[in-house]
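[1] Sequence and predicted structure are below.
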Amino acid sequence: MGVLLVIYSFVQGATAGGLILLGLLACAGIGVWIFVLIIRALIRLGANDAVAAENSFNEPPPAGSQYLLANVTITYIGTDPQGETPFSTISYVTADGNTVNSFDNSAVEPDALDTLSPLFQGASTTGNVAFTVPSASAAQGTLAVEPAMFSDKIFVAVS
């Protein structure tokens, strides 16, 4: 399999009206190929109305919970002529340390993030990832980002 190396830096922007802008640079190399993803996320707390409006079959979150939307942009700046599929995994870690995956809820999020289509040099994919999180501590959680399959997680505070 080769050596796995993950290098990253993190910059957090200002908060306004429940929106939090996060920036993340991740570089991963597995075996003989190397790719770099630039991941930016805009966090929207209390996104219940946006999720409900997307699909009439979306159920409201359980009592004491809310939908959190992470609007994520993934940019491939590698040079592989075949491109790379952004198999990035993003999860939410509660203030209590529990992991919430986007697939833990069956809601269809508005403008869902496409992580299955290959990207070529300079191309990006942007979309939302929805999480059902505890309302009382939603802003105290952390995003856990795996830039690639089998890579180390990078943790980014939601606020």
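    Sure thing, it's come through. None of these values were measured; they are calculated from a predicted model. Numbering: from 1, shown residues only.
[2] wait, what's in contact with G64?
    The contact partners of G64, by C-beta atoms under 8 Å, 6 or more residues apart in numbering, come to 134-136. All C-beta spots, glycine's among them, are computed from the backbone N, C-alpha and C.
[3] among these, who's most crowded?
    Of all these, P134 has the most neighbours under the rule other C-beta atoms under 10 Å, reaching 19 neighbours.
[4] What is the burial count for D96?
    Using other C-beta under 10 Å, D96 has 9 other residues around it.
[5] backbone phi and psi for it, please?
    phi -80, psi 0 (degrees, to the nearest 10).
[6] Any regions of this protein where pLDDT drops low?
    1-41, 159 (pLDDT under 70).
[7] what residue is smack in the middle of it?
    The residue lying closest to the centre of the chain (C-alpha atoms, centre = their mean) is I90, at 4.0 Å.
[8] partners of it in the sheet?
    V145 (DSSP bridges).
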